[in-house]
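Novice: here are the coordinates; sequence isn't available:
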């Protein structure tokens, strides 16, 4: 099926979060979170090699909004329901619509770390992908040195399936490994890992 013809909600909620697609005007909030969290982000995120301006962030948000509508990349913004504060970004990337295979990526602003928000967001995204995108396989990929990212994957119920040795370079240009965590839709319709 043509993914452009798949209708699904561009926003949903978890216990503490409103999770929605990027919208024009989000750039300032995103930029503030990146500036706050830059020292942590630049260790792990290839896109965080330089500190963006507000206009850079707004341009990036508008590109992400267009890609969401075109079903090329499903970036999602995370907001606290209690205050409306932007706390991070997640979403589905490397979309294989034919196989129902999607990769979940994420980052959280520094002031929101340690509260279980990203685990909650990932669990919400799994549910959203299962009910609306006919997902069959969800992956989380991370650097083995990024213990917080691993913790989120494990807390969200993902199984460590593989280690790809020296398969990519980190933001500093050094060769690194990649851990692959997986959750599968099982024959009985539940999510887990059969092995």
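Specialist: Yes, it's here. Because the structure is predicted, anything quoted here is derived from the model rather than measured.

Novice: correct me if wrong: residue 101 contacts residue 139.
Specialist: Yes: at 7.2 Å, residue 101 counts as touching residue 139 under the criterion of C-beta atoms under 8 Å. For the C-beta atoms, the positions are set from N, CA and C on the backbone; glycine is no exception.

Novice: among the two, which residue is more densely surrounded?
Specialist: residue 139 (21 against 17; other C-beta atoms under 10 Å).

Novice: for residue 79, see how far away that one is.
Specialist: For residue 139, the distance to residue 79 equals 25 Å [C-beta to C-beta, to the nearest Å].

Novice: what does residue 63 give?
Specialist: 20 Å.

Novice: who has more neighbours, those two?
Specialist: More crowded of residue 63 and residue 79, by other C-beta under 10 Å: residue 79, with 20 against 13.

Novice: look up how far residue 142 lies from the more buried one.
Specialist: Distance, residue 79 to residue 142, using C-beta to C-beta: 24 Å.

Novice: can you pull out the helices in this protein?
Specialist: Using DSSP state H, the helices of the chain run over residues 27-44, 54-69, 117-132, 147-155.

Novice: can I get those in CSV with mean pLDDT and distance to residue 179?
Specialist: Compiled in CSV, the helices of the chain are given as follows (pLDDT from 0 to 100; distance: least, C-beta to C-beta, whole Å):
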stretch, mean pLDDT, distance to residue 179
helix 27-44, 95, 12
helix 54-69, 98, 25
helix 117-132, 97, 15
helix 147-155, 96, 7
